[in-house]
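Novice: attaching a predicted model along with its sequence, questions to come.
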Amino acid sequence: MCGIIGYTGHRTVVPILIGALKRMEYRGYDSAGVAVLNGALRIEKDAGKVQNLEQKIRDAQLSGQTGIGHTRWATHGAPTQLNAHPHTDDEFQIALVHNGIIENYSALRQELTKSGHEFKTETDTEVVAALIQEFYQGDFAHAVQKALKLVKGTYGLAILSVNHPGMVIAARMGSPMVIGHGDGENFVASDPTAFLHFTRDVTYLEDGEIAVVTSDKVEYRTLADEHIDKKLEQLTFDIAAIEKGGFSHFMLKEICEQPQTVADSMRGRLLIDEGTVKFGGMAAVMETLNQAKRVLFLGCGTSWHAGLVGEYLMEELAGVPAEVEYASEFRYRSPALEPGTIVFAISQSGETADTLAAIREAKRHGAPVFGICNVVGSSIARETNAGVFLHAGPEIGVASTKAFTSQITVLFMLALQMGRARRVGASRGRELVQELREIPNKISRILATREKIETIAHHYKQCRNFLYLGRGVNFPVALEGALKLKEISYIHAEGYPAAEMKHGPIALIDRDMPVVFIASKDGVYEKVLSNIEEVRARGGRVLVIATEGDQEIANHADEVVYIPSTDPLLTPLLTVIPLQLLSYYMAVQRGCDVDQPRNLAKSVTVE
Ligand code: M6R
């Protein structure tokens, strides 16, 4: 979604702002802008890519050492130059950039209009600048605090005032803000990748806090002006992790990283001899896990699909009833969370607004809520009672790939751990741990066949509709394959449990609607084979993901992609890889912007 950067220090600010905006492009945006303080306030902004903005800034010869920048993902008002951030008050004294949604902007705008303010844009953000100016009486931070007390909704803000050169104020309510601490310079951002090239020392703002940032000092206060102390934290991930490293797209890089990222997700957690698992982040809550009577997984998009896989694994291995809910639906239900229910919130970014709201709802009902997150320091990681990090490294491509396989790895380990405490014997535990350890090599073997998948993509790239079918633990993989295709190639695709096809979707089958089947050798293989025949009998084209050694399947399919054999419960970690590659190559061959697909944002921090 939107990205924020702010800087004050000894360097020329424009290259820092532009570099940061480019590093945040992956979050998804449709306009961009900067404001720079240099005696006066100078603003340049435009619809479209940061590259366009860069040229405008060069032409306008902006300079200065304090500034803010923004990439906007439109919510209120079209993605036009006028609606792009930064926004100012009508006296051009205050400039700010905003992530989130000001829910009461309409009422505030009416009030401010009555007291003489004029508004130029359709955004919800502009009122905040006017409100700060309304309260300004010489103390910038007090004006911000007073204004924000009247604001309802969510915000991450970076704010400048002409009267306070060398100062940036950051504020947070429901939308992440991180402060980067340098030597004679400081940064504020919505995402630390924005300033990672300059510093790894960070502090995070909590909801209801502001940071008053100058080149040599950062002060933290609440909206009620209580002063707060914060400890510096260190970012540990590598700069290489946020660069393409020779790959043409982040998505391909991240697909190809999966042997490593899956291994990283299990690193130090497997107890090989005992055939079980231990998670440092869950040690304090083992009693709660062991006594759980029901498990509820919450998530959105790909994380929700991972939860669906988790549901099968949890019931199969631990015998504990499990359910999965869209976080966005759960938050508005009156959930019956009886004692003994434990909740796992699954999120790559740890910032998804719906998942955060669902966590708060589950907590309000007294349930223990644990996180399965990738981003350390994220809001979800901090708001859950305990949890497990994926350790998949930064995921930059908007289409989630390596996070999905790491989520499944973690869910598998969790189900195994709970299963070992309940009904899985040591010898079966050891077998499963051994199978899991072999997964990274097996993923590498699939990746080695990627040229074949590229060729298959070529055969199908003109199709406008696809059906993805799988059963059991591979039904969620069918959903995930369809989501990947939709997201980055804009081809309509639906995922279904294979047996559901005859209850409706079968009406759509013809040569123009290829069907992708997941038919790995497991307990439902024969059933899936029957479903394949039902499609072929109606003239449908069939692409099958099958298990190595299954030569027979080639007689039932137009194309076959093989995965190595593994325990049926682990197949999602393998079957999803060809589907990720298929969507990637189709999107590339159709000329789509793979890493920044239209209308999408990497982390959805608004409702
Ligand atoms: O960061 P999260 O895992 O909470 O994000 C959830 C979804 O927004 C995300 O998985 C989305 O569906 C991806 N674009 C899928 O590729």
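Specialist: Received, thanks. Because the structure is a prediction, the values reported are computed rather than measured.
Novice: could you find the closest non-adjacent residue to Gln291?
Specialist: Gly340 (6.8 Å; C-beta to C-beta, 6 or more residues apart in numbering). C-beta: built from backbone N, CA, C; applies to glycine.
Novice: His458 versus the residue in the stretch 1-150 of the chain that the ligand sits nearest to, what's the distance?
Specialist: With C-beta to the nearest ligand atom, the shortest gap between the stretch 1-150 of the chain and the ligand falls at Gly28, namely 9.0 Å. The gap separating Gly28 from His458 is 28 Å, by C-beta to C-beta, to the nearest Å.
Novice: neighbour count for those two, which is higher?
Specialist: Neighbours of Gly28 and His458, each counted by other C-beta atoms under 10 Å, are more numerous for Gly28; the result is 22 against 12.
Novice: surely the more buried one meets Val398?
Specialist: Yes. With contact defined as C-beta atoms under 8 Å, Gly28 counts as touching Val398 (6.0 Å).
Novice: if we can go back for a sec, distance check, the residue nearest to Gln291 against Arg331.
Specialist: 22 Å.
Novice: which one of those two has more residues nearby?
Specialist: Just comparing Gly340 and Arg331: by other C-beta under 10 Å the higher neighbour count belongs to Arg331, 21 against 13.
Novice: got phi/psi on the more buried one?
Specialist: phi -60, psi -20 (degrees, to the nearest 10).
Novice: in the chain, which helix is the longest?
Specialist: Once the chain is assigned using DSSP state H, the helix that runs over the most residues is helix 426-447.
Novice: which other residues reach whichever helix or strand comes after that one?
Specialist: The first helix or strand that comes after helix 426-447 along the chain, using DSSP states H and E, is helix 450-460. Contacts to helix 450-460, defined as C-beta atoms under 8 Å, 6 or more residues apart in numbering, come from residues Phe466, Pro514, Leu543, Glu559, Val561, Pro578, Leu581, Leu582, Tyr585, Met586, Gln589.
Novice: so what's the nearest residue to the second one once chain neighbours are set aside up against?
Specialist: Looking back up the chat, that one is Pro514. By the measure of C-beta to C-beta, 6+ apart, the closest residue to Pro514 outside its immediate chain neighbours is Arg541, 4.4 Å from it. For Arg541, the contact set (C-beta under 8 Å, 6+ apart) comprises Arg511, Met513, Pro514, Val515, Asp558.
Novice: can you sort out which of the residues you listed also neighbour the ligand?
Specialist: Filtering the contacts of Arg541 for proximity to the ligand by C-beta under 6 Å from any ligand atom leaves nothing.
Novice: just the buried ones among those residues, please.
Specialist: By neighbour count, with 16 or more other C-beta atoms under 10 Å, the contacts of Arg541 hold Met513, Pro514, Val515, Asp558 as buried.
Novice: wait, what's in contact with the third one?
Specialist: Counting by C-beta under 8 Å, 6+ apart, Val515 makes contact with Phe466, Leu467, Tyr468, Leu469, Ile509, Val535, Gly540, Arg541, Val542, Leu543.
Novice: for the third one, phi and psi?
Specialist: Summarising the backbone geometry of Tyr468 under the convention degrees, to the nearest 10, its torsions are phi -120, psi 130.
Novice: sorry, back to before: list buried residues within the contacts of Val515.
Specialist: Counted by 16+ other C-beta under 10 Å, those give Phe466, Leu467, Tyr468, Leu469, Ile509, Val535, Gly540, Arg541, Val542, Leu543 as buried.
Novice: may I ask which of these comes out lowest in pLDDT?
Specialist: The lowest pLDDT within the buried ones among the contacts of Val515 belongs to Ile509, with 89.
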